[in-house]
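Engineer: I would like to see how this sequence folds:
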Amino acid sequence: MPSSPEFEYITGDALQALEGDCQDVIGFAHRDFGVDLSFNDESIIWLSSFIEEHRRNMDADTRHAYAVKLGIFLGFAIINHHGGNWVSTDDNNIAVRFPSGAMAFPFSKADKQFENGIVDNIYGLYRNIGRLLNPDKLQQGPLPRQGE
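Structural biologist: As a prediction, the model looks like this:
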């Protein structure tokens, strides 16, 4: 059985840098698009739509830079909604670690949406974390059919 990655909590100046980058995203959306982002579903959906509208017009370096910034906002939204802490893993990935030990990798998810499109959208991660953290609360029985 593979072991969990080792990690170190992100604190101090590094955490303040993440918070500053998150504020940069909020300022960018407000200044350039008149959108007031909050740590909620609507904001994550808007950012996912932003990625879809702009990803094809960006070179790889620009996509990655945006993925990092939007991943930071996504991570703070996840922490705000589900709890957890920023950590750096032993392989130098930044993640959100939950009290259960589970981890989410918002930078990687944003990077994947920039590369692969809507099939790897950031809202899917945001929406499904609650289900993954609380599997006992999953709906029992068949899924409803479209239109029901």
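
Engineer: so how far is Trp86 from Val119?
Structural biologist: 27 Å (CB to CB, to the nearest Å). Placement of C-beta: from N, CA and C, glycine included.

Engineer: in stretch 116-133, what's buried?
Structural biologist: The neighbour-count check on stretch 116-133 (16 or more other CB atoms under 10 Å) flags Asp120, Asn121, Ile122, Tyr123, Leu125, Tyr126, Ile129, Leu133 as buried.

Engineer: please narrow the residues you listed to those residing in helices.
Structural biologist: Ile122, Tyr123, Leu125, Tyr126, Ile129, Leu133 (DSSP state H).

Engineer: from these, which one has the minimum pLDDT?
Structural biologist: Here the lowest pLDDT out of these sits on Leu133, with 85.

Engineer: hmm, which helix or strand of the protein has the shakiest average pLDDT?
Structural biologist: helix 122-133 (a mean of 91; mean pLDDT, DSSP states H and E).

Engineer: and for that helix, what's in contact with it?
Structural biologist: 41, 44-45, 47-48, 51, 70-71, 74, 77-78, 81-82, 98, 100, 102, 104, 106, 109-110, 113, 137-138 (CB atoms under 8 Å, 6 or more residues apart in numbering).

Engineer: which one of the buried residues of stretch 116-133 sits closest to Asp24?
Structural biologist: Of all the buried residues of stretch 116-133, Ile122 has the smallest distance to Asp24: 17.1 Å, by CB to CB.

Engineer: just the buried ones from the contacts of helix 122-133?
Structural biologist: Buried among those (16+ other CB under 10 Å): 44, 47-48, 51, 70-71, 74, 77-78, 81-82, 98, 104, 106, 109-110, 113.

Engineer: can you show me the strands along the chain?
Structural biologist: 7-9, 85-89, 94-97, 103-104 (DSSP state E).

Engineer: Ala77 and Asp59, how far apart?
Structural biologist: 27 Å.
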